[in-house]
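> Mind looking at a prediction? Sequence and model below.
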Amino acid sequence: MNIIKSMAVLLLLVSITFAQEKTPLSAFYQSIAAEKIGNYDEAINILSKNYSAEKNNYLYNLRLGWLYYVKGDYKTSLFYYKNAVRISSNSIEALLGITYPYSAAKNINALKTIYKKILDKAPENYKANLNMGLLYFNQGDYLNSIIFLENVVKNYPSDYNANLYLGWANYYVGGNKKAHAYFQSALMAVPNDPSALKGFNATK
C-alpha cells in the first residue's frame, strides 16, 4: 500500500514538473539559463517547443528576435522582432530590437526608416536621436547629424558621444566656436580623450 502511495506521489510530482516546463515563465527561465552559458540553440529550442501556443505572446517574439540576433541569424531575428511590433504596435522596445539585425547587416536605409518611426512616436528618444546623428555623420551629412545630436545634448548635456560628434560636425561645417565648446564638454566627460583633445586644440 505504501509503495502504491509512493508511486502515486512520484507520478504526481513528475506530471507537475512536466506541466511547469510548458509554462511561459518556466520556459523563459530555462531559456535564459541556456543563453547565459552561450547555448543559443538550446535557448531557442526551449521557447520553440510551445511557440505555436505562444505565437501572439509579445515577450516570446521579442526574446526569440534577440536570441536569433546573437546567434547571427539576422533574417529570422527580423521575423520575430517584426512579430513583436505587430503584436504591440506602440512598442519602441521592439522597434529598437529591429535595429540590431539591420545594423549588423549594415542596412543603413532600413535603419534610418526604423529610427524615424521611433522618433515619430518618441521625439526625445535617446538611442534613436544619437544613432541617427551618427548615421548622418558617417555619411558626411553633417548638417543633419547636428540636428539629431543636438536633440541628445538638449536632454543629456554631459553625453560624451553626442558632444564629441557635435564638435567634429560643427568643425567640418566651419562652426569652430561651437565645436570648441562641444569638444570641451566631451573632455569634461572623458578627460584626455584623444579625439576630443585633437578637436579642442584645432578649434582654439
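Here it is on my side, so go on.
> can you give me the mean pLDDT across the helix or strand harbouring Q184?
With the criterion set as DSSP states H and E, the secondary-structure element containing Q184 is helix 176-189. The predicted model assigns helix 176-189 a mean pLDDT of 95.
> S91 contacts K82, doesn't it?
No. Taking Cβ atoms under 8 Å as the definition, S91 is not a contact partner of K82, at 11.4 Å. To be clear about C-beta, it is placed using only N, CA and C from the backbone, and glycine gets the same treatment.
> which stretches of the chain form helices?
Counting by DSSP state H, residue ranges of the helices within the chain are 2-21, 24-36, 40-48, 51-54, 58-71, 74-87, 92-104, 108-121, 126-138, 142-155, 160-172, 176-189, 194-202.
> pLDDT weak spots in the chain?
Along the chain, the model assigns pLDDT under 70 to residues 1-22.
> please redo it, this time with the cut-off set to 90
Counting by pLDDT under 90, the low-confidence segments of the chain come to 1-29, 31, 34, 49-55, 89-90, 175-176, 204.
> coming back round to it: helices or strands up against the helix holding Q184?
Contact here means 3 or more Cβ pairs under 8 Å, 6 or more residues apart in numbering; DSSP states H and E; on that basis helix 176-189 packs against helix 160-172, helix 194-202.
> which of these sits most buried?
For these, the stretch with the most neighbours on average is helix 160-172, a mean of 23; neighbours defined as mean count of other Cβ atoms under 10 Å.
> Give the other helices and strands that it contacts.
Taking 3+ Cβ pairs under 8 Å, 6+ apart as the contact definition, the neighbouring helices and strands of helix 160-172 are helix 126-138, helix 142-155, helix 176-189, helix 194-202.
> Kindly present those helices as TSV, with separate columns for distance to L64.
Rendered in TSV, the data for these read as follows (distance: least, Cβ to Cβ, whole Å):
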stretch	distance to L64
helix 126-138	21
helix 142-155	31
helix 176-189	37
helix 194-202	38
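> So which of those helices is nearest I44?
The stretch from these with the least distance to I44 (Cβ to Cβ) is helix 126-138; that distance is 25.6 Å.
> Contacts for that closest one next, please.
Around helix 126-138, the neighbours that count as contacts under Cβ atoms under 8 Å, 6 or more residues apart in numbering are 96, 99, 108, 111-112, 115-116, 118-119, 122, 142, 144-149, 151-152, 155-156, 159, 161-162, 165, 168-169.
> could you flag which of the residues you listed are buried?
Neighbour counting by 16 or more other Cβ atoms under 10 Å classes 96, 99, 111-112, 115, 118-119, 142, 145-146, 148-149, 151-152, 159, 161-162, 165, 168-169 among the contacts of helix 126-138 as buried.
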